[in-house]
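**Q** Any chance you could fold what I've pasted below:
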Amino acid sequence: MNMKNTDMMKNLKNLPYIKQRISVMGEELAYLKELVEELDPETDAGSTKQAIDDLAHRRMSEIRQLTRVATYLHHYIDLVDDMNCQIVLEQRYILNKPWVAISIDMGYGLDNVYKLHRKALAKLDDVMDDAA
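**A** Numbering: from 1, shown residues only. Predicted coordinates:
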């Protein structure tokens, strides 16, 4: 596994938190928009609006970056050539399901789900190597 793949695997494990962060920052952007609309042009001159605008631009940039990471991860999972491996990866990392729930959903024993997960990670690593 090369360094790029190691970073992608780390991001894969963090995907539920990345998606949550995107959601929170989206809410923050809506709040900042409300703040700007509530500013009194007479008393809340440019510096306050500029500070809010700067923060909003930083948040939008972060959202774009995190969305790009999430999109790449979804894309790589879609490239795995085994449907069961895709399902394990999607349920674990995209839907953030616990192992027992995945086992029940797939109708496999927990040990088999762990084996399938290891196989899925190896296939995902191969897909990333091929894409590099």
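**Q** Give me the residues contacting stretch 107-114.
**A** By CB atoms under 8 Å, 6 or more residues apart in numbering, the surrounding residues in contact with stretch 107-114 are Val88, Trp99, Val100, Ile102, Ser103, Met106, Leu116. Bear in mind the C-beta positions are built from the backbone N, C-alpha and C, glycine included.
**Q** Now do Gln86: how many residues are near it, please.
**A** 17 (other CB atoms under 10 Å).
**Q** give me the element it is part of.
**A** Secondary-structure assignment from DSSP states H and E places Gln86 in helix 83-89.
**Q** Mind giving me the packing neighbours of that helix?
**A** In terms of contacts (3 or more CB pairs under 8 Å, 6 or more residues apart in numbering; DSSP states H and E), helix 83-89 is packed against helix 46-79, helix 99-106, helix 110-131.
**Q** What residues of that helix count as buried?
**A** Applying a neighbour-count criterion of 16 or more other CB atoms under 10 Å, the buried positions in helix 83-89 are Cys85, Gln86, Ile87, Val88, Leu89.
**Q** which one of those residues sits closest to Thr48?
**A** Ranked by distance to Thr48 (CB to CB), these are led by Leu89 at 45.4 Å.
**Q** residues touching that closest one, list them.
**A** Leu89 sits next to Leu12, Ile77, Val80, His117, Ala120, Leu121, Leu124 when contact means CB under 8 Å, 6+ apart.
**Q** pretty sure the third one is touching Val127, no?
**A** Yes: checked against CB atoms under 8 Å, the pair Val80 and Val127 is within contact range at 5.9 Å.
**Q** Compare those two and say which one has the larger neighbour count.
**A** Of the pair Val80 and Val127, Val80 is the one with more neighbours under other CB under 10 Å, namely 22 against 19.
**Q** Ramachandran angles for that one?
**A** phi -60, psi 130 (degrees, to the nearest 10).
**Q** if I look at it, how far off is Leu89?
**A** Here the distance between Val80 and Leu89 works out to 7 Å (CB to CB, to the nearest Å).
**Q** again with Tyr31
**A** Tyr31 sits 34 Å away from Leu89 when distances are taken as CB to CB.
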